[in-house]
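Novice: what follows is a predicted protein model with its sequence.
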Amino acid sequence: MNILLTDDEYLARERLKRLLNDSHQEHQIFEAETGIDAIKQCTEHDIELVFMDIRMPEMDGLEAAWHLSKVEAPPAIIFVTAYDEYALKAFSVNAIDYLLKPVKREDLIRAISKAGKLNQLQLTKLHDKAPQLPQRQHISARVRGEVQLIAIRDILYFQADQKYVNVRHQAGEVLIEDSLKQLEQDFNEQFIRIHRNALVNRDYINGLTKDQQGHLFVTLKGIEQTLEVSRRHAADIRKLIKSL
């Protein structure tokens, strides 16, 4: 079995590695220090099981698990956490397995035997209940079988495109399967709806323009493309632009 140990603390990874080696089972062990590195390792090494720390720099364990749950063959994930008893209830309620630091050998063996793949609904509920966790900072897309991460700060807009959503970002465009409604809920502080089919990053809004028919369009910093604003959302956009 290919196993990935994800933790920004070297000693924590070493403890898990020692416990796995003492289990007398054959494992190929890989290591990652951040959630971003974990996603890369999973796509490169066909990882079957991930031990995932929660609090890590760059990308926390829950966000990394969210992105991994969307790959074609997602690994099973066991969270390793130092959360208090209150926070641990969130894991139990959502049927997500976890190990409490410092990890004990018998708990490790039990967790491996029952490890399962996570779905996005479980992860969303867990993230909502876990205290003091930041909002996820990346969108993930499957591109040629691999996970591509796009930082939220680099996204200009989301626009519905039939059953997909087109993500326009600083380096290009990509299609994702997330719904526009879910994206609006997740990033409502950063993005504003301008039309039933579009959400725009507030930081990239430059102004408004009209065509000859009187239709309203929003202009964006750095690109010539404009996006139509529906009458329903026109007042909110004008208010936002006045405050800029």
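Specialist: Thanks, I have the structure now.
Novice: any idea which residue sits dead centre in the chain?
Specialist: residue 63 (4.0 Å; Cα atoms, centre = their mean).
Novice: contacts only, for that residue.
Specialist: By Cβ atoms under 8 Å, 6 or more residues apart in numbering, the contact list for residue 63 reads 35, 127, 136-138. C-betas here are computed from N, CA, C, even on glycine.
Novice: among those, who's most crowded?
Specialist: For these, the largest number of neighbours (other Cβ atoms under 10 Å) sits with residue 35, at 30 neighbours.
Novice: mind giving me the domain ranges of the chain?
Specialist: 2-129, 138-243 (automatic domain parsing).
Novice: closest one of the contacts of residue 63 to residue 225?
Specialist: residue 138 (23.2 Å; Cβ to Cβ).
Novice: how near is residue 37 to residue 76?
Specialist: 18 Å (Cβ to Cβ, to the nearest Å).
Novice: re earlier: can I get the domains of the chain in CSV with mean pLDDT?
Specialist: Compiled in CSV, the domains of the chain are given as follows (pLDDT from 0 to 100):
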stretch, mean pLDDT
domain 2-129, 83
domain 138-243, 93
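Novice: dump the residue contacts of the most far-flung residue of the chain relative to its centre.
Specialist: Residue farthest from the centre of the chain, counting by Cα atoms, centre = their mean, is residue 212 at 41.4 Å. By Cβ under 8 Å, 6+ apart, no residues touch residue 212.
Novice: check for me that it belongs to a helix.
Specialist: No. Counting by DSSP: H, G, I helix; E, B strand; the rest coil, residue 212 falls outside a helix, being coil.
Novice: most tightly packed of the domains of the chain?
Specialist: domain 2-129 (a mean of 18; mean count of other Cβ atoms under 10 Å).
Novice: quick one: residue 13 and residue 5 touch, right?
Specialist: Yes. With contact defined as Cβ atoms under 8 Å, residue 13 reaches residue 5; the gap is 4.7 Å.
Novice: what touches both of these two?
Specialist: In contact with both residue 13 and residue 5: residue 31, using Cβ under 8 Å, 6+ apart.
Novice: in the chain, what residue spans correspond to helices?
Specialist: Using DSSP state H, the helices of the chain run over 10-22, 35-45, 61-68, 85-93, 105-114, 120-129, 180-186, 231-243.
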